[in-house]
Structures are given as C-alpha cells and as structure tokens.
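> Sequence and predicted structure below; questions after.
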Amino acid sequence: MNLTTKTLAELSDLFQSGKVSSREITEAFLAEIKAQDNQINSFVTLTEDLAREMADSSDSRRKNNTLLSPLDGIPITLKDVICTKGIKTTAGSNILKNFIPPYDATVWQKLKDAGVVLLGKTNTDEFTMGSSTETSNIGVTKNPHDLTRVPGGSSGGSTASIAANFCAGTLGTDTGGSIRQPAHFCGVTGLKVSYGRVSRFGTMPMASSLDTVGPIAKTAEDCAMILSVIAGIDPKDSTTVDKEVPNYREEIKKDISELKIGLPKEYFIDGIESDILESIEATKAILKELGAKFVEISLPHTEYAVPTYYIVAPSEISANLARFDGIRFGEGREGKDLNEIYSKTRNQGFGDEVKRRILIGTYCLSSGYYDAFYRKAQKVRTLIKDDFTKAFEEVDAILTPVAPTTAFKIGSISDPIRMYLQDIFTIPSSLAGICGISVPVGTSEENLPIGAQILGPAFKEEVVLRIAHNIEQNIAKDK
Amino acid sequence: MITKKEVEHISKLAKIDISSKDLDMFTKQLGDILEFFKKLEKAKTGHVQETSQVTGLENVSRPDEIEMSDIEEELVECTPHKIEKKSIKIPKIM
C-alpha cells in the first residue's frame, strides 16, 4: 500500500482504525522526501527527529484510546513564515536565515494540540512577496509536474509538498493569491479563508489588512478537516471574528442543487490560455449536471484591483517590515550608529522584491503623495468590495479561472508588473476579504495542472468547500 | 515620473542603503509601477468611503489581566548583538 498518495481523510481513517501506525505513515513520507526533494527543493527545514517523536506519541495515544482529533498522527508541513518555537523560521529571507522563534504561532499551537506530526517548513517567496518562489533566499522550488517550471507562489513550497506526496496537508498564507495560484500551478486544493476566520498570531505579517492563513491539501475534504482545527477567534489576534466554526467536513457533503453560481464577465477576458477556459467550461457542465444554476454577473471595478492592491499592500509592507532593523532579532550588521546598523542590515538582509515593495509603500505614504495614492486606493478598495457584496445578493458563489496561465518556466518573468498581473483574478477577492478556493479541474495540452477558483461570501467557507468537494467527487467518477 | 533623487530620498526614509547600480534599476522599475497606478485616476471615487479593514470590528479589547510568558531571556537572546545584564547593547543613541 502506497501511503503517500492517499488523502488526509484516508490516512486519518487508516490510522484511527489501527490499520496503519503514524510512524509508518511518517516514515513513508520521509522516504519520499529523501528520494525526491533534492530535485524539488520544497523544504527549507526538515524536522525528521521531531516528526518521529510526534508520530510515536500519536501511536501511544491511539493505543490508549486518547486520540486528540481526526488529525492526530497526520504528517504535515508549514510554510516557513509560521513561527515554530525552537525550529528555524526564515520567511525565505537572509534577514531571518538563522532565526529561531521563541514562541509558536496560534495555528501551529492548535495543530499540535490536535496531534499532528510536523515534517518540516516549506519554501516561500521572501516574506511571501512573489508568485513563483523565485524570490526565496534558498532558491526556487520546482514544480513537481515539470521541473523546469515554477510551482507558483508565494506558498509554492507548501503546494509542491502536497503535489509531490511529501505530506498529507500543509498551511500556506494568501494575501493576494499566494495559496490559490500555486495550488492551481501544482494541481492541489488550496483554500483562502475569509479575513478574520483564522488567527495570524505568530505568522510573519506582510500586509495586515489582507493576510490570511489557510489549508492546502489533496482534496477539499482534507482542507475542511484542517480548517475545522485552525479556525476561530484568538485573543492574541484582535482581527479574528467571534463566529461559530462549522463542522466543515460534514457541511461539504451536502448537495449543491439549490446553489446559484455567478460567472463574472470581467474574468473571462482576452489573454487567458484556451485550455484553462475549456476546463472552466467543463467544470460548469459538471456543476450544472448536479443541479447548480449559472448566471452571468458583473464585477465592474475588477480592472482596478491590481493597481489598488500594489498601493495598499506595499504601504502596509513598508510599515510592517520596519521591525526588521537588525537589533532585537534576525541578522544584524555592525555600524557606528543606529542608522548605519539599520540601513546596512536592511540592504544586505532583504532581496530586491522586498526592497521594491518597501520603496513603493514608503513613497505612497510619504508627505504629498498620501492622498493621491493611498487614500485613493482605499476608496477604490471600497468599490471593489461593494461589487462582491452586490453580486452575493444574487448568487451563492462565483466561478472563475485562478490565473490567466498555467505554470510558467523558471526565470521567464523578470518584469515586476508582469509578475504582479499573475494575481489578476485572485487579488480582487483578497481586497474584499472574502473566501475562495482553488480546486484542480483539468490538465493542459502540455500536461500541466489547471485549477478553477470558487469565491464565496465572507465566512462561507463551507459553501466553497462544498462546491469544490462536489467537483472533485464527480471529476473522479468520469475517469 | 520619479527621479533618482526621489528614490534616494525614499530609500533613506525606508532605511535601506542602496547601491548606485540598484538605484538605477529601482528608479526605472518604480517609474513603471507608478505609471501603472495611473489607471486608478479613471475610477470615480468622489463620495466613496475608504476601506482600511473589512470585518467592521472596532475597539477590540481584552481584560486587563497580567499573564507571565516567562520567555524574556529567550526573547533577548534573539539579538545578533551583545547582551549585558539581560539587555541588548547597541551604539549610543543620544
């Protein structure tokens, strides 16, 4: 039995029923990682000894009938921006290349309390700034489907770790598409949660009004199982919302015959690869067969989303990354005074994309430009948010492509604006703070994965997960 | 749209010491990006309110209770600089 190709839900059933031990599952993943990751480069840090220790604890709990949750004994990875006490957390940056956090992120604490096994920390664009993992200080992660291509980003190490069968589940972060775009490129399922659904305490901040932490796995059901553990209010993150956490695994099994799904005309534009459009069309047909109704809708301010995002996010980045001053933690350079320590540390510690965004943000917030850029962008953000509010008065969910292209070749996009446009279909929903999922729906002529994006209203994760689950179940039947 | 001098100025505000080669690159790229932002001029935002956050939560507070995390030594030890008497030693400020 090949354990590494199984879904998280299947492994959970096998383990809980005593058919397989957590140690066996863990060893199977470790063997796969050792055989393949020198090619793929999805790990920044492998926590082999800890994984075996945690697996043995899960096995003892199973023997004593004291299992902690359906995730007990399940091997996972974490994007390397999620702080893990005593385990190096680098954010893909030279400025934190030896940083060992003295505390745990809430999401990691919750997963530990649920009994998971940590296999390691996965690669990311530096401080999550990128769409390819090419800005990481340890170099690019390769797409497991084609080693000459990027896995997408910024959670590319995490999505590759799922696609390559290195783990059963993982956490990424999504600020403007960083879970959904790499999930699409790697052929896995990734959920961007609503803003405020999951705690960000202990996760490195990029743009605080946009950042979210969410699950990535082989299926929507697996994502639902992880989400049930990590969602909910956290006293340590005052932006989390006190809303009940549904039993997502049960919710997704409901049918979708009463659902009305919108197709926004602004998302079906020139420049999208034809294979992607065909896969979306096929997805629509599957959902129609299951009883869902489709209507064309309009999200008229979509064209403003990318420039709005690249004012709002860098402005918040320039403030957030001020903490990396080389004094209290991280790499620090010597200097004759504080200014020299700061400037040298930040010049040598940050890569070009991070510097670029800090400079843009500093400019947009600087005296004389604040109104023209930052205030204007915040107003346009309202228009974009209102587009979705209006749309969801009419429909339950929205179906769109995740990105205009499939995985691109490593090194093929060097112009920053072209890279920013990778997130043209994921950024608007991030600005609105709603939830969305990327679910595999096909492959291109070049055999590259294609995902579909399903967007739902804020705090309706169960709806997008349910639609994704229905797609997965019925695509599988066709095979 | 943006001059080398302006980029130099904002890099000082951002406390990033940029080499002259990088300064040329960033000036060009920032110019292109600012040009790209011009697209927003078309958006009609006359009476539109600004959105700075999406959940609508306001004045989130918690009970004023002291909790000891007992990690002060570990926190101080994260510094790349010298530690003296549980404090980080840096060059004179005043």
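That came in fine, so what should we check first?
> Now the residue of the stretch 51-200 of chain A found nearest chain B. Its backbone dihedrals?
When scored by CB to the nearest CB, the stretch 51-200 of chain A has A:Pro102 as its residue closest to chain B, at 3.8 Å. The way it works is simple: take the backbone N, C-alpha and C, and place the C-beta from them, glycine included. Main-chain dihedrals, A:Pro102, degrees, to the nearest 10: phi -90, psi 10.
> Now name the helix or strand holding the closest residue to it other than its chain neighbours.
Counting by CB to CB, 6 or more residues apart in numbering or on different chains, A:Pro102 lies nearest to B:Glu74, which is 3.8 Å off, once chain neighbours are set aside. Element membership of B:Glu74, judged by DSSP states H and E, is helix B:72-77.
> per-residue confidence averaged over that helix?
Average pLDDT, helix B:72-77: 92.
> After it, which helix or strand is next? Please name it.
Reading on from helix B:72-77 to the C-terminus, the next helix or strand found by DSSP H and E is strand B:83-84.
> Sheet-wise, list the partners of that next one with their directions.
strand B:87-88 (antiparallel) (DSSP bridges).
> what sits up against the strand it pairs with?
The contact list for strand B:87-88 (CB atoms under 8 Å, 6 or more residues apart in numbering or on different chains) reads A:Ile327, A:Arg328, B:Val76, B:Thr79, B:His81, B:Lys82.
> buried subset of the residues you listed?
Among the contacts of strand B:87-88, the ones that count as buried by 16 or more other CB atoms under 10 Å in any protein chain shown are A:Ile327, A:Arg328, B:Val76, B:Thr79.
> so what's A:Tyr87 up against?
That one is not Tyr; residue A:87 is Ile. Taking CB under 8 Å, 6+ apart as the criterion, A:Ile87 is in contact with A:Thr45, A:Thr47, A:Leu50, A:Ile100, A:Pro101, A:Leu118, A:Lys121.
> Adding secondary structure, write those out as a markdown table.
Converted to a markdown table, the contacts of A:Ile87 look like this (DSSP: H, G, I helix; E, B strand; the rest coil):
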| residue | secondary structure |
| --- | --- |
| A:Thr45 | strand |
| A:Thr47 | coil |
| A:Leu50 | helix |
| A:Ile100 | coil |
| A:Pro101 | coil |
| A:Leu118 | strand |
| A:Lys121 | strand |
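> which regions of the chain lie under the pLDDT threshold?
Defaulting to chain A. A:476-479 (pLDDT under 70).
> which other helices and strands contact the helix ranked longest in chain B?
Longest helix of chain B, by residue count under DSSP state H: helix B:20-37. Contacting helix B:20-37 under the criterion 3 or more CB pairs under 8 Å, 6 or more residues apart in numbering or on different chains; DSSP states H and E are the following elements: helix A:305-320, helix A:352-365, helix A:416-420, helix B:4-13.
> And the next helix or strand past the longest one?
Scanning forward in sequence from helix A:305-320, with DSSP H and E defining helices and strands, the next element found is helix A:338-349.
> secondary structure element for A:Ile25?
Since the elements are taken from DSSP H and E, A:Ile25 ends up inside helix A:22-40.
> What residues sit buried inside that helix?
For helix A:22-40, by 16+ other CB under 10 Å, it's A:22-30, A:32-33, A:37, A:40.
> As a markdown table, those with distance to chain B would be great.
Formatted as a markdown table, the buried residues of helix A:22-40 follow (distance: CB to the nearest CB, whole Å):
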| residue | distance to chain B |
| --- | --- |
| A:Ser22 | 30 |
| A:Arg23 | 31 |
| A:Glu24 | 35 |
| A:Ile25 | 33 |
| A:Thr26 | 28 |
| A:Glu27 | 32 |
| A:Ala28 | 35 |
| A:Phe29 | 30 |
| A:Leu30 | 29 |
| A:Glu32 | 34 |
| A:Ile33 | 29 |
| A:Asp37 | 29 |
| A:Ile40 | 30 |
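> Need the residue closest to the centroid of chain B.
By CA atoms, centre = their mean, chain B has its centre lying nearest to B:Ala14, at 7.3 Å.
> Enumerate every residue touching that residue.
Contacts of B:Ala14 (CB under 8 Å, 6+ apart): A:Ser318, A:Arg346, A:Ile358, A:Leu359, A:Thr362.
> For burial, what's the neighbour tally of the last one?
Right, the one you point to is A:Thr362. Residues within reach of A:Thr362, counting by other CB atoms under 10 Å in any protein chain shown, total 24.
> Am I right that it is in contact with B:Ile10?
Yes. Between A:Thr362 and B:Ile10 there is a contact at 4.7 Å, judged by CB atoms under 8 Å.
> Checking A:Lys110 next. Helix, strand or coil?
Secondary structure of A:Lys110, per three-state DSSP, is helix.
> From A:Val150, how far out is whichever residue of the stretch 351-479 of chain A sits closest to chain B?
Proximity to chain B, evaluated over the stretch 351-479 of chain A using CB to the nearest CB, is greatest for A:Gly433 at 3.2 Å. A:Gly433 is 27 Å from A:Val150, where distance means CB to CB, to the nearest Å.
> Compare these two (neighbour count), which wins?
Legend: neighbour count by other CB under 10 Å for A:Gly433 and A:Val150, higher for A:Val150 (28 against 23).
> Contacts only, for the more buried one.
A:132-134, A:140-143, A:156, A:185, A:407-410.
> Those residues, buried ones only, as a ChimeraX selection?
To isolate the buried subset of the contacts of A:Val150 in ChimeraX, counting by 16+ other CB under 10 Å, use the following:
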select /A:132,133,134,140,141,142,143,156,185,407,408,410
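> hmm, back to that, make sure the residue of the stretch 51-200 of chain A closest to chain B is actually in contact with B:Asp70.
No. Counting by CB under 8 Å, A:Pro102 sits too far from B:Asp70 to count as a contact (10.5 Å).
> more crowded one of these two?
Using other CB under 10 Å as the criterion, A:Pro102 and B:Asp70 rank with A:Pro102 on top: 18 against 7.
> show me what contacts the more buried one?
A:Lys85, B:Ile71, B:Glu74, B:Leu75, B:Glu77, B:Cys78 are the contacts of A:Pro102 under CB under 8 Å, 6+ apart.
> at 7 Å instead, please
A:Lys85, B:Ile71, B:Glu74, B:Leu75, B:Cys78 (CB atoms under 7 Å, 6 or more residues apart in numbering or on different chains).
> Buried ones among the residues you listed?
A:Lys85, B:Cys78.
> ok so, going back, okay, the contacts of A:Ile87 in TSV with neighbour count next?
Listed next are these as TSV, based on neighbours: other CB atoms under 10 Å in any protein chain shown:
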residue	neighbour count
A:Thr45	20
A:Thr47	21
A:Leu50	16
A:Ile100	17
A:Pro101	21
A:Leu118	23
A:Lys121	25
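> and stretch A:181-190, how far out from the chain's middle?
9 Å (CA atoms, centre = their mean, to the nearest Å).
> same question but for stretch A:51-65, I mixed them up
29 Å.
> ok, now stretch A:59-74?
The answer for stretch A:59-74 is 27 Å, by CA atoms, centre = their mean.
> Endpoint to endpoint, that stretch covers what distance?
11 Å (CA to CA, to the nearest Å).
> Buried residues, it. List them.
Quick answer for stretch A:59-74 (16+ other CB under 10 Å): A:Asp59, A:Arg61, A:Arg62, A:Leu67, A:Leu68, A:Ser69, A:Pro70, A:Leu71, A:Asp72, A:Gly73, A:Ile74.
> and for it, what are the contacting residues?
A:8, A:11-12, A:15-16, A:18, A:21-23, A:25, A:55, A:58, A:111, A:113-117, A:168-169, A:225-226, A:229.
> try 8 Å
A:8, A:11-12, A:15-16, A:18, A:21-23, A:25, A:55, A:58, A:111, A:113-117, A:168-169, A:225-226, A:229, A:249.
> Mind checking which of those are buried?
Judged by 16+ other CB under 10 Å, buried ones among the contacts of stretch A:59-74: A:8, A:11-12, A:15, A:21-23, A:25, A:55, A:58, A:111, A:114-117, A:168-169, A:225-226, A:229, A:249.
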